[in-house]
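In: quick one: sequence plus predicted model below, questions after.
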Amino acid sequence: MSRKIFIAATGMNAGKTTISVSLMHLARKKYGRVGFIKAVGPKCQVFNGITVDKDAALMARIFGLGEDIAHMSPVVLGRGSTKKFIDGEIPALWPVERITEAVAALEKKNDFLIIEGSGHGGVGSVIGLNNARVAKITGAPVILVSGGGIGNVIDSVQLNLPLYRMEEVPVKALVVNKLLPEKRETSLSYLGRSFKPFGIEVIGAFDWSPVLANPTLNHISRLLEHPLRGDQTQGTRIVHHIQLGAASSQKVIDGLEQSTLLVVTSSRDELLVTISSLYHIPAYREKIAGLVIPGHAPVSAITQQILDGSNIPVIRIHETTADVFSAMKHHVSKISAEDTEKIELVKAQAEEILDFDHLDSLLD
């Protein structure tokens, strides 16, 4: 029997995937064979010809687990799945059997198995498999992952705990992510005191980091569903600021910050030409990550020629500037297998801030 851990979260965007990548990296240093499973996957994609959850595909790509992909994502809730379960088209026991078989198969070939939950504790309830129930079925102790803060963390954890208590699943630790560096020690101290009566150890994880939190140009391209043109080697560049190029050209240039993605409507020829020209200058290339050009009006031929000649990364989209800017500002960036800079940073920081041996000992 392999050792197992169930990674749950208090809600979306708590940094659960970052913790999974971290623990996978650290566990592989201690154990010879480490597996991963996303038992219930609400977001699917095709990997090696099989429809799987995107997190399972991510871990397979990062850690070379492609041969196990069929077991890594046993239940995928694709479009229409909810209605099929409620209508009885999918047998109630089918997902339980799928998960049980997948866990058994991965346990046979691994010394340590990471089981990742989905969203908050109640996700999966439509098929009778919320996170607590999955943890019970798999026989894995739980660590909860939350974002930073004090009051909001306590509230969100207390909302989730009853589900695990009902299933009699032990919650061994709370791993706190996205901590503000200047408040880290204070937050962890108060959280530790708050959860000590419940036997839950509080572990500080990653501080909030713009490198981890902010999107790459490739992320923006996928979000907007339009290709990135220009210098393709810049696709993994991290965008730290998104700026609307609505002011005069000089004011826009003066307002440039480190790695800024400019949103400039297609009719602003003079600004598009100016930014393209500045992109040749190293000092400005550090500030200019690229351009998103929205708008229904065509870009003039000479402006397009200058854009092409500069090789500046460009995403051209025929939507309104307001819609495009709003979509990007409200987007939450997720790690992808192509984000090599982010992944290597996660691995390096995990070795410094997470004591895997201690966390492993909590599973006993």
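Out: Ah, there it is. Numbering: from 1, shown residues only.

In: what is the burial count for the residue nearest to Arg268 when sequence neighbours are not counted?
Out: Nearest residue to Arg268, sequence neighbours excluded (C-beta to C-beta, 6 or more residues apart in numbering): Gly245, at 6.5 Å. C-beta: built from backbone N, CA, C; applies to glycine. Other residues within reach of Gly245, judged by other C-beta atoms under 10 Å, total 25.

In: phi, psi for Gly245 please.
Out: Backbone torsions of Gly245, given as degrees, to the nearest 10, read phi -80, psi 70.

In: next: Asp111.
Out: According to degrees, to the nearest 10, Asp111 has phi -90, psi -20.

In: distance of it relative to Tyr31?
Out: Distance from Asp111 to Tyr31, counting by C-beta to C-beta, to the nearest Å: 4 Å.

In: who touches both of those two?
Out: Contact criterion C-beta atoms under 8 Å, 6 or more residues apart in numbering; residues shared by Asp111 and Tyr31: Arg3.

In: re earlier: which ones are touching the residue nearest to Arg268?
Out: Contacts of Gly245 (C-beta under 8 Å, 6+ apart): 252, 262-265, 268, 271, 275.

In: right, and Thr265 touches Ile293 too?
Out: Yes. Contact criterion C-beta atoms under 8 Å: Thr265 and Ile293 qualify, at 7.2 Å.

In: the more surrounded of these two?
Out: With neighbours defined as other C-beta under 10 Å, Thr265 and Ile293 compare such that Ile293 has more, 27 against 21.

In: work out for me the element the residue of the chain most remote from its centre sits within.
Out: Here the chain reaches farthest from its C-alpha mean at Ile302, the gap being 39.9 Å by C-alpha atoms, centre = their mean. Following DSSP states H and E, one finds Ile302 within helix 301-310.

In: tell me the helix or strand right after that helix.
Out: Trace forward from helix 301-310 with DSSP H and E and the next one is strand 314-316.

In: now for the helix or strand following that next one, which elements pack on it?
Out: The helix or strand immediately downstream of strand 314-316 is helix 321-329, counting by DSSP H and E. Secondary-structure packing of helix 321-329 (3 or more C-beta pairs under 8 Å, 6 or more residues apart in numbering; DSSP states H and E): helix 217-224, strand 241-244, strand 260-263.

In: the ones you listed: which one's closest to Phe206?
Out: helix 217-224 (18.7 Å; C-beta to C-beta).

In: how is the protein carved up into domains?
Out: Domain ranges of the chain: 3-209+336-361, 215-329, per automatic domain parsing.

In: on the three-state scheme, the residue lying closest to Val332 once chain neighbours are set aside is what?
Out: Leaving out its chain neighbours, the residue that sits closest to Val332 by C-beta to C-beta, 6+ apart is Asn13, at 5.2 Å. What DSSP: H, G, I helix; E, B strand; the rest coil gives for Asn13 is coil.

In: what pLDDT is listed against Asn13?
Out: pLDDT for Asn13: 83.

In: look up how far Lys334 lies from it.
Out: Counting by C-beta to C-beta - Asn13 and Lys334 are separated by 9 Å.

In: list the buried residues in stretch 119-133.
Out: In terms of neighbour count (16 or more other C-beta atoms under 10 Å), stretch 119-133 has its buried residues at 119-121, 123-124, 127, 129-133.
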